[in-house]
Each structure stands twice: as C-alpha cells, then as structure tokens.
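A.B. asks: A predicted structure for the sequence below; I have some questions about it.
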Amino acid sequence: MRYASKLISSTVLGSLVFASPTMANEEMDTKDLLNLSLEQLSNIEVTSVSKKSEKASEAAAAIFVITQDDIHHSGMTSIPELLRMVPGLNVAQAGSHQWAVTSRGSNDQFANKLLVLIDGRTVYTPLFSGVFWDTQDTPLEDIERIEVIRGPGATLWGANAVNGVINIITKSAKDTQGGFVSQSVGNQVNSLTTVRYGAKMGDNAHVRMYAKNDDYEEFQTLANTGAKDSWNKKQGGFRADWKTGDTESFTFQGDFYRAEEKNQLNLPLSGGAFVNVVTNDETDAGGNILGRWDHKFSKDSNVTLQMYYDDARRDNYTYYAKIQTFDTDFQHIWTAFQGQEIVWGGGFRLIKSSTTPTDYIAFTPNDRTDNLFSTFVQDKITLMPNELFLTLGTKLEHNDYSGFEVEPSARLSWLVDDKQTIWSSVSRAVRAPSISQADLQLVVATLAPGAMAARIGDKTSKSEELTAYELGYRIQPAPNVSLDVAAFYNDYTRLILGGTGPVTGPFTNSIGVGYVLVNVLPVNAGTAHSWGMETSAKWNPSKSVELTAGYSLLQLKFDQSDPFGFSFTGKTPQQQFNVRSAIQLPHDVEWTSAMYYVDQLTGLGIKEYYRLDTKLSWKPLPSLELSLVGQNLIDNSHQEFSGFLYQNATQVPRSIYGNITWKF
C-alpha cells in the first residue's frame, strides 16, 4: 500500500490525521480511535486544499486538521481557543469575548489576511475583511473537523485567503442522532449549556436541532481591576440532510444568535478633557440560512450548487452596522481524461451594508451595495502514476473596489515511497480593499483641545499582494511515529501604510464642542518579507497513550517605517510550541494535558508566556461523562495582546470548570 494509506495514524496532531464523515459519530470514543486500523485510516480525506476530496498525504499544502477527538481532548470552549493547537497560527485573547487570530504573521484586532468558513459559508465581515470571533459559533460536539491551511488558498477560495484558510466542517445530521445535553460551570465560565436532538425523518433523511447559552465572567485589567467585559450569548440552529438515490443529496441548515456584551471604552474628546470613560452595552444579533445540492453524474463527474444568506448586526456606543450577504457558488469536478482531474466553477456575492454614524466611527456613504463575481479552474495532472502530481490553477475575481484580480498557483506533490512525501508550491494572493479601507472615518486620539486624529478611507486604494513559496516534507519513520515539516517565504507588496491626509472641519460633536480632524490616509506603499517553518509530530507509544507536538518559527520584516501604526510589526510572536498528551486510564478514565509557549510581542511590549491546560474525565456509564478542566494553570493571569479599539488591555485568567455530558 502506498504512503497515502500508511502515513496517517490515529488523531495525529498536525497535517497527517483527519476524521472522515464515515467515522464522525457520537459513539466513537478515544479507545475506538486508538484501535482504528491503518486500512480504515487510509480512507480519511480532506477537501480544503483542492475543493474536492483527496487523501491527506497527497495534499500539496501545509494543512493541519483538528479532529473531533482533538476538540474533546482539549477542554476548550470556543472555536478561536481550539485554534491554539495549530502550528503557524497565532491566537491571542484580548478580552473575555475578543480574540486576535492570524496565520503566519500580521496579527491584529483587524487582522484581514485569513479566510474563515463554516460549512462553506464565508464568515469574515466585509467591514474590514476580518472576523468577529465572538459571533462565530456552533456546538463544538457537532464539529466533524477543522481544516487549517497555512499559506495562500486564493486560487480556489478567492481574495482574503492570503496567509491561510480555516474551514470549519460540521457533522451531517445522520451522525448526530439522539439527544445530547452538556452543562459546564466554573469561575470564568459562569454557565455553558448545550442541548441538541437529532431524529430520522425517513429512510434517507435526518435532521437535528440545537440550542445553546454561553455566559462568561469579566476579565481583569493590567491594574487588576474589573475590565467590565462580561458577556452572554444565546444561539440556536438546525440542519437537515437527505438523499434521493445514490447520486443526489441535499443539505439545508441555519443558525440564529443574539449576544449581549459589555465593555469599558476610553473615548477621545475634543474638549479640555482628553478621554471620556463610558460603559458600552453592545448587542450583536444575526443569522444565516444555507442550502447545498450535490449531484453525481458518474464516477468521474459531479456538481455542487450552494447558496446562503447571512445577516449580521452590531449595535454599540461607537457605531451601528448591518451587513446582509447573499452568496451563490457552483462547482464541477470532472475527470476530463486519464491523468487529469479538473475542478472548475464560479460564484456571485451580493453585500448590502447599512451603518449609522457617531462622533467616533462613520462610513461615507452610510449605505452601499457591493458585488463580487468570480470564476476558477484547477487541473491536477498525473506526471507519474501514483507518484508525481502537478496541480495548476487560477482564480479570476472582480470586486467593486480594485476591479479584476488574478490569483494563480502551481503545486507539486511527489510520493517518494510508501513512507515519504515531498511537496512544493508557488502562488499569488491578494487582500482586496474593504468597506473600511474605502469609506471609514475613525477618530483614534485627541491631539490637543479642539483637534483630534482620525483614520480615513481612500476609495482609490488597491489590493495588497502576496507571492508565496512553500516546501514541505512528510515522513512516517515507524508505524507509530509521524512527522510533518513545512517551510515558506512570503513576499508582500502594496501593503497599507499610513499617509498624511488633509485637515478637515471644523465640526461640532454631540455635546456641542467644536473640533478639527487631522486625517491619516491608507497608502499602498508598504513592502515586507517573511520566512519561517512549522512542524508537527505524533508518537503513539501504546494504544492507550498519544503524544503530539507542534512548533513554529516566523521572521517578519517591513521595509518601511510606519509612524501611524498601520503595519503589524511586533504583533506576532517569532516562536511558538505546544506539547499535548492523551492517556486512557483504567475504569473509563481519561487524562489529557497541553502545554503552550508563546514568544514575546516586541511591538506591544508583551512578555512571553506559558499556558498549561489539563482535563480529567470519567465515564461511569457509556452515555454519561463527567469532566474537570483547568486552564492557564501556571499563573493567576497573563497578558496576551493589547486592548482593542478604545478598550483597556486585559489579562487572561486561570480558569477551572466542571462539565457533565449526557447522551440519550
């Protein structure tokens, strides 16, 4: 059997282990996973690299998959927290409900070079081409896997897939039958409640519904006072899957949420006092509906048509925004002739935004409608049967800001023997301008009484560009050991820097004080270079013990200084590593632990830190599990990032919570 069937061993940390749909069910526990045969594991496939199913060992990309088993082991309670285990991703928590997440550098509150999808639905906000992580949620038990591509994925996924793609894939309704109840209580986790029920609607139709309520305690500021950032979120949803014969399947699903979040804001004033401290009660609400149709014409040809509607609203002291997105996407996988597999398709996205201005944040115009057209084609060419493959592709997009964008790539994968694979790639990706980049006016500071500084948009801004080079190596030196290494070099051009803009005004604010604005413009004048490597390894010394590790190194250099702070210099750690273990003990007891290290953030003055998490769980009955989880156990608290816009910096505290899970 070739390397594709031998490289992968159970639930590997890194790019070598993936959970297939046929194995994603609620009854599969750790003991089952450790006893899976290599024949079963050889069928595990991923879809994010080529927009079609392929064996993980043949994927010519730095791909890492978080399986349902990894999620269960971790004890994490949110999607961004789960991403900490991925080498090459930087996850920093800035508050009780705020995270900065990026891949291969350029981390920030408004990090905008990472594309995130949930079941094929793009969840970045067109306001700034980034992600509001506090509203991206689904029951973690319903996630089949999270596929993470470090490096560009723009050829298939389009603009903003610059430094990486995160594709969150949930289980089918068929794999979540019966009842599920989970309750967590702790010092930081006030209460996490999830209820889900799945039922069979016919021989080939299944449905599930869920509801969850999350309530979190506030963090502490650097002065050890309450940050006033507690929050509560309620969410519900459903999914239905059915088949008509062996060639056609349908999926219909949706989610709806409402979050109440608190913050303390330090707002600039134009009068004699430079800062006005206010309590912000923010309401975030929205929902989405998605439908997908798959039809198989033959073993060599199948099509997928997907459509979704997404509504997201944020209402707080500094702005109100409503974003409505309608998206349709078509894809055809076709084996044109022997030795060539072609994937092609196209899509259209309509985005309607509506905002209400305040003294601090405004968009001009307040309302706008944007259109995005795209088409792509990719051809996987067999150069040597079962050994050498060349994948060529490109995506063509047209947006209302920068016009046409072309994003090509070339990837080569070589199955050296049944234990080794080498792959390489070169690709181009762009980060298209956002609503903020074109239309924003953001007051950031008071310069003097009667004068404030503001960042303003520029409707002539162009896309930021990346040319990326990658080389990867995978090996299984022993049946129970695997290793994955990826190296990269990134060349960035036309990056946004701050430039001097006009002085505008005078204006009068809401309390009748006059002021002028000293404006800073976005300018496509930056260039930067980065290089680094990521590695992950796994060792199963026995069927009941699993050890995994990951390490990443990043060097990022901007060629120009940026006195206005548009660049991300010093906001991403140079080195990170994690070591995780899972041990199956007698009497249905499981003990898992994880140690994380994150290097200092020189640009923010934040020290390096270690994080230790552990989880002890026991199943007195097959349907009942009791768990005790400890997080950040090394110290009382530590800082991970600077405060978000207008907000105080906070410390991530030690957290201990208990959980009970019942399946019926």
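C.D. replies: Good, I have the coordinates.
A.B. asks: name the next helix or strand downstream of the helix ranked longest in the chain, please.
C.D. replies: Taking DSSP state H as the criterion, the chain has its longest helix at helix 68-74. Next in sequence after helix 68-74, counting helices and strands by DSSP states H and E, comes helix 79-82.
A.B. asks: got a list of contacts for that next one?
C.D. replies: Residues outside helix 79-82 that contact it (CB atoms under 8 Å, 6 or more residues apart in numbering) are 66, 70-71, 74, 76, 91, 93, 99, 101, 133, 136-138, 140, 146, 168. For every residue, glycine as well, the C-beta is placed using N, CA and C.
A.B. asks: and with 6 Å instead?
C.D. replies: Helix 79-82 is touched from outside by 66, 76, 91, 99, 101, 133, 136, with contacts defined as CB atoms under 6 Å, 6 or more residues apart in numbering.
A.B. asks: now it, how far from the chain's geometric center?
C.D. replies: 8 Å (CA atoms, centre = their mean, to the nearest Å).
A.B. asks: repeat for stretch 59-78
C.D. replies: 12 Å.
A.B. asks: let me see the mean pLDDT of that stretch.
C.D. replies: The pLDDT scores in stretch 59-78 average 91.
A.B. asks: what is the end-to-end distance of it?
C.D. replies: By CA to CA, to the nearest Å, the extent of stretch 59-78 from end to end equals 28 Å.
A.B. asks: buried stuff in that stretch?
C.D. replies: 59-78 (16 or more other CB atoms under 10 Å).
A.B. asks: point out where the stretch 201-350 of the chain drops to low pLDDT.
C.D. replies: Within the stretch 201-350 of the chain, the segments meeting pLDDT under 70 span 272-273.
A.B. asks: please enumerate the strands of it.
C.D. replies: With DSSP state E, counting those that start in this stretch as the criterion, the stretch 201-350 of the chain has strands at 205-216, 220-221, 231-243, 248-268, 275-298, 301-315, 320-337, 340-356.
A.B. asks: can I get these in a markdown table including mean neighbour count and distance to residue 153?
C.D. replies: Below are the strands of the stretch 201-350 of the chain laid out as a markdown table (neighbours: other CB atoms under 10 Å; distance: least, CB to CB, whole Å):
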| stretch | mean neighbour count | distance to residue 153 |
| --- | --- | --- |
| strand 205-216 | 19 | 29 |
| strand 220-221 | 19 | 38 |
| strand 231-243 | 19 | 25 |
| strand 248-268 | 19 | 22 |
| strand 275-298 | 15 | 20 |
| strand 301-315 | 18 | 17 |
| strand 320-337 | 17 | 15 |
| strand 340-356 | 17 | 13 |
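A.B. asks: between the ones you listed, which gets nearest to residue 621?
C.D. replies: In terms of CB to CB, the element of those nearest to residue 621 is strand 205-216, at 22.5 Å.
A.B. asks: strand partners (parallel or antiparallel) of that closest one?
C.D. replies: Strand pairing for strand 205-216, using DSSP bridges, gives strand 189-202 (antiparallel), strand 231-243 (antiparallel).
A.B. asks: report the angle between the last one and strand 275-298.
C.D. replies: Between strand 231-243 and strand 275-298, the angle formed by their directions is 10 degrees, by axes from the mean of the first three to the mean of the last three CA atoms, to 10 degrees.
A.B. asks: tell me the angle of strand 231-243 relative to strand 248-268?
C.D. replies: Going by the same axes, to 10 degrees, strand 231-243 makes 170 degrees with strand 248-268.
A.B. asks: same thing with the first one?
C.D. replies: Strand 189-202 runs at 160 degrees relative to strand 248-268, counting by the same axes, to 10 degrees.
A.B. asks: what comes into contact with strand 189-202?
C.D. replies: With CB under 6 Å, 6+ apart, strand 189-202 has contacts from 139, 173, 176-177, 179-185, 206-215, 217, 657.
A.B. asks: next: the last one.
C.D. replies: Residues outside strand 231-243 that contact it (CB under 6 Å, 6+ apart): 96-97, 137, 172-173, 204-216, 249-261.
A.B. asks: now that strand, how far from the centre of its chain.
C.D. replies: Using CA atoms, centre = their mean, the offset of strand 231-243 from its chain centre is 19 Å.
A.B. asks: next one: the first one
C.D. replies: Taking the mean C-alpha point of strand 189-202 and that of its whole chain, the gap between them comes to 23 Å (CA atoms, centre = their mean).
A.B. asks: on that earlier part again, residue 128: which of the strands of the stretch 201-350 of the chain is closest?
C.D. replies: Comparing the strands of the stretch 201-350 of the chain by CB to CB, strand 320-337 comes nearest, at 10.5 Å.
A.B. asks: and the closest one, C-alpha only, in CSV?
C.D. replies: Extracted in CSV, the C-alpha atoms of strand 320-337 (Å, rounded to 0.1, in the frame of the first residue of the first chain):
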residue,chain,number,x,y,z
TYR,A,320,-24.2,50.5,14.3
ALA,A,321,-23.7,48.2,11.3
LYS,A,322,-26.0,45.8,9.5
ILE,A,323,-24.4,43.5,6.9
GLN,A,324,-26.5,41.3,4.6
THR,A,325,-24.8,38.8,2.3
PHE,A,326,-26.3,36.7,-0.4
ASP,A,327,-23.9,34.2,-2.0
THR,A,328,-24.2,31.5,-4.7
ASP,A,329,-21.5,29.2,-5.7
PHE,A,330,-21.3,26.5,-8.4
GLN,A,331,-18.6,23.8,-8.7
HIS,A,332,-17.9,20.9,-11.1
ILE,A,333,-15.4,18.1,-10.6
TRP,A,334,-14.6,16.4,-13.8
THR,A,335,-12.0,13.8,-14.9
ALA,A,336,-11.5,15.1,-18.4
PHE,A,337,-9.4,12.2,-19.5
